[in-house]
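1. here is my input, please return the structure:
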Amino acid sequence: MATIPVIVKHQGKRHQVDLDPTSNGETFKYQLYSLTGVEPERQKILVKGGQLKDDTDLSTLNAKPGQTFIMMGTPSGAEGAADLGRPKEAVKFLEDMTEAEAAKAEGATPAGLQNLGNTCYLNSTLQTLRSIPELQEELQRYRPSGGPSGTGLADLSNFGLGGLGASMDLTASLRDLYKQMSETQEGFPPLMFLNALRNVYPQFAQKAKNGHGYAQQDAEEAWSQIVSLLRERLKIKDDGEVSFIDKYLAGQFESVLECDDPAAKEAGEEPVRSSDVFLKLNCHIGKETNHLRDGINAGLEEKIEKHSPTLGRDAVYTKRSRIARLPKYLTVHFVRFFWKRETQKKAKIMRKVTFPAELDAVEFCTDELKNKLIPVRDKVREIRKDEQDVERARKRQKMHHQREEERKAEAESAVSLEPMQKKVAEEQKQKDGDTAMTEVSKSDADIEAERTASILAAKKELSKLIDPNLASDDGSNNSGLYELRGVITHQGASADSGHYTAYVKKQGRLVDDPNVPGGKKREEDGKWWWFNDERVTEVDAEKIETLAGGGESHSALILLYRAIDLPTLEEGTQ
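-> Numbering: from 1, shown residues only. Reported below is the predicted structural model:
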């Protein structure tokens, strides 16, 4: 049967298409896909009698040469017609990539780490630390000192040779390990780093009590030792030899130590004030602890028994601490393990303690820091609400335009209507159109314009609210708000056994956006990577909510939070 030349109208354009009466609607949609770039499942084609379905026999349409069909729909990821021109960059297929190229491709599954015998505690720690991009960048710039001559065994790691050089420098070994992991998607054996760790910290070379292999260790101890060593060795030369850890992961406490005995105060003993650096916040877990904030508040107040110079004897003191500096990356440790005399091992507190995806740390701060953070925090929340309102208004406006397009298309396709029916349809269309237009003028375009202007004004105000001292400290948090980026979990009843894994939030893919600096932004899908030694799996955000504990199943032990990105003037202002 001969094909029939028909016209398909789409977004103001007319496409000439040869309709094959022996085929079906799905085939016809694929013809239009090649012309418009609109995927078949996103197409809506209006014909006489209704909407064209995939299984419609085209011969039943009784199409005439020159007959007009109406098509609606846009390509996925675009609001207009698809750009089917030549790609800006040459397409390289996965099978043509090297292993390193495939590992670095957008959206590639990251490398896991092989378990070398009770080393899951280390694997989970390394995977979570690896999620800090600033750490990756600074490690790549790291060059170990090799003595006065500038050469030595440590310099071997500069060439990726590892060996003796890496075993003598844990920081260089970590740099080399992360570089090797970035070039593969397979489970990688962290043997060189493990040897370096055991050389520097012999406790991690402890043998198992049964005489077979090495003993299981505590991930929190591994985290603390590695971070402490990096604090000493990894310096940011551009900032005058400032420690990387002090800049990005260390906070500052202001504390007051005061004797609980009223007699000490009556005798004139003054409270002792001090300032201390902290590398993590402890979340203490007691009978009343249900949420992370409960445990952190408990950890900020501790009882200490010490000698009172005024009373001339030992007395109980209370040390109350508040945060005077919030780092960009905040580590929180659930204090779940304690020494149990009966079993002579570390037991685990099973209590369920929930934690938020976004943490507001303002309540833990000094009054001085609160006064700087609260205006910024509140303005960020205001901007977020306004942006959500604008997005909802845009969706309503888009739905209205789609309905209008459908009405017009249905009117054009209603060729078989009787004159009276046409008149009724036109009157109804006019009535609906008048009502809809009234709604648009009242609640869509005007409101969006007003709110967009309000958001722009709020962002300008936000930039002025940021304290100059905080703004100059690019390793700190300017709002007090954090987003969860990593979780180290433990499964089991004891620190000496069980299993550790890590969850790391996926980095968003880069997408074009002319409204942000550089024309690119990260678009996150809310997914997480689950690192279970060499096995790496993608999981939904809902999985993270199940890690609050409450039994021997996986429960959070270490949380890694990152300061939220503040809204900028460039975003959404064009």
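
2. so residue 25 sits right up against residue 51, yeah?
-> No: here residue 25 does not reach residue 51: they are 9.4 Å apart, not a contact under C-beta atoms under 8 Å. C-betas here are computed from N, CA, C, even on glycine.

3. hey, what's in contact with both of the two?
-> Shared contacts of residue 25 and residue 51 (C-beta atoms under 8 Å, 6 or more residues apart in numbering): residue 45.

4. so the two - more neighbours on which side?
-> residue 25 (20 against 17; other C-beta atoms under 10 Å).

5. look up how far residue 449 lies from the more buried one.
-> 41 Å (C-beta to C-beta, to the nearest Å).

6. excluding chain neighbours, what is closest to residue 317?
-> residue 304 (4.7 Å; C-beta to C-beta, 6 or more residues apart in numbering).

7. so that neighbour makes contact with residue 319?
-> Yes: here residue 304 reaches residue 319: they are 5.7 Å apart, a contact under C-beta under 8 Å.

8. tell me which of these two has more neighbours.
-> residue 319 (18 against 12).

9. which segments of this protein make up each domain?
-> 4-72, 376-412+423-472 (automatic domain parsing).

10. and the ones you listed, which one's lowest on average pLDDT?
-> By mean pLDDT, the lowest-scoring of the domains of the chain turns out to be domain 376-412+423-472, with a mean of 75.

11. end to end, how far does that one reach?
-> 15 Å (C-alpha to C-alpha, to the nearest Å).

12. center of this structure, which residue is that?
-> Nearest to the mean C-alpha position of the chain, by C-alpha atoms, centre = their mean, lies residue 505 at 4.6 Å.

13. bridged to that residue, which residues?
-> Beta-bridge partners of residue 505, counted by DSSP bridges, are residue 528.

14. correct me, but it touches residue 485?
-> Yes: Residue 505 lies in contact with residue 485 (C-beta under 8 Å); the separation is 5.0 Å.

15. returning to that earlier point: which residues are in contact with the residue nearest to residue 317?
-> Residue 304 neighbours (C-beta under 8 Å, 6+ apart): 257, 316-319.

16. and the gap between it and residue 188?
-> 44 Å.

17. same question, residue 119
-> For residue 119 relative to residue 188 (C-beta to C-beta), the value is 12 Å.

18. what residues do these two have in common as contacts?
-> Common neighbours of residue 119 and residue 188 (C-beta under 8 Å, 6+ apart) are residue 113.

19. more crowded one of these two?
-> residue 119 (26 against 17).

20. pretty sure the more buried one sits against residue 189.
-> No: using C-beta under 8 Å, residue 119 is not in contact with residue 189; the gap is 9.6 Å.

21. hang on, residue 57 packs against residue 26?
-> No: with contact defined as C-beta under 8 Å, residue 57 does not reach residue 26; the gap is 11.2 Å.

22. and the helix ranked longest in the chain, what does it pack against?
-> Assignment by DSSP state H gives helix 367-413 as the longest helix of the chain. In this structure, helix 367-413 makes packing contacts with strand 44-47, strand 68-72, strand 313-325, helix 419-443, helix 445-465, judged by 3 or more C-beta pairs under 8 Å, 6 or more residues apart in numbering; DSSP states H and E.

23. and the next helix or strand past the shortest one?
-> Spelled out, that is strand 44-47. strand 50-51 (DSSP states H and E).

24. what do residue 505 and residue 485 both touch?
-> residue 131.

25. return the backbone torsion pair for residue 478.
-> Note on residue 478: backbone dihedrals following degrees, to the nearest 10 are phi -90, psi -10.

26. give me the neighbour count for the closest residue to it other than its chain neighbours.
-> Take residue 478 and drop its neighbours on the chain: the residue closest to it by C-beta to C-beta, 6+ apart is residue 470, 4.9 Å away. Neighbourhood size, residue 470 [other C-beta under 10 Å]: 18.

27. what sits against residue 470?
-> 372, 476, 478.

28. pretty sure residue 309 is touching residue 269, no?
-> Yes: when contacts are counted by C-beta under 8 Å, residue 309 is listed as touching residue 269 (7.4 Å).

29. between the two, which is the more surrounded one?
-> In this view residue 309 and residue 269 are compared by other C-beta under 10 Å, and residue 269 has more residues nearby, 17 against 11.

30. element containing that one?
-> Residue 269 belongs to no helix or strand, assigned by DSSP H and E.

31. for residue 491, give me the pLDDT.
-> Looking at residue 491, the pLDDT reads 93.

32. mind starting the numbering at 746 from now?
-> Sure, I'll start counting at 746 from here, so that last one is residue 1236.

33. burial of residue 1217, as a residue count?
-> Quick note: residue 1217 (other C-beta under 10 Å) scores 9 neighbours.

34. ok, now which ones touch it?
-> Residue 1217 neighbours (C-beta under 8 Å, 6+ apart): none.

35. then the one 4 residues further on?
-> Applying C-beta under 8 Å, 6+ apart, we find residue 1221 in contact with 1070-1073, 1215, 1308.

36. rank the residues you listed by pLDDT and give me only the lowest.
-> Out of the contacts of residue 1221, that is residue 1215, at 92.

37. so what does it look like in phi/psi?
-> According to degrees, to the nearest 10, residue 1215 has phi -70, psi -40.

38. look up how far residue 1042 lies from it.
-> For residue 1215, the distance to residue 1042 - C-beta to C-beta - is 23 Å.

39. same question for residue 1024.
-> Using C-beta to C-beta, one gets 19 Å for the distance from residue 1024 to residue 1042.

40. and residue 890, by the same measure?
-> 43 Å.

41. low-confidence bits of the stretch 796-945 of the chain, can you list those?
-> 822-842, 891-913 (pLDDT under 70).

42. residue 1061 against residue 1002, yeah?
-> No: at 11.3 Å, residue 1061 does not count as touching residue 1002 under the criterion of C-beta under 8 Å.

43. neighbour count: those two, which is higher?
-> The neighbour count for residue 1061 versus residue 1002, taken as other C-beta under 10 Å, is higher for residue 1002 (16 against 12).

44. avg pLDDT for the strand or helix carrying the more buried one?
-> Following DSSP H and E, one finds residue 1002 within strand 996-1004. The average pLDDT within strand 996-1004 is 97.

45. downstream of that strand, the next helix or strand is which one?
-> Strand 996-1004 is succeeded, C-terminally, by helix 1007-1011 (DSSP H and E).

46. next one: that following helix to chain centre, how far?
-> The chain centre lies 51 Å from the centre of helix 1007-1011; the measure is C-alpha atoms, centre = their mean, to the nearest Å.

47. send over the following helix or strand past it as CSV, restricted to the C-alpha atoms.
-> Downstream of helix 1007-1011, the first helix or strand assigned by DSSP H and E is strand 1017-1023. The C-alpha coordinates for strand 1017-1023 follow below in CSV (Å, rounded to 0.1, in the frame of the first residue of the first chain):
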residue,chain,number,x,y,z
VAL,A,1017,38.5,28.9,84.3
ARG,A,1018,38.0,29.9,80.7
SER,A,1019,39.8,28.2,77.8
SER,A,1020,39.8,27.8,74.0
ASP,A,1021,40.4,24.4,72.4
VAL,A,1022,40.5,23.0,68.9
PHE,A,1023,38.2,20.0,68.2
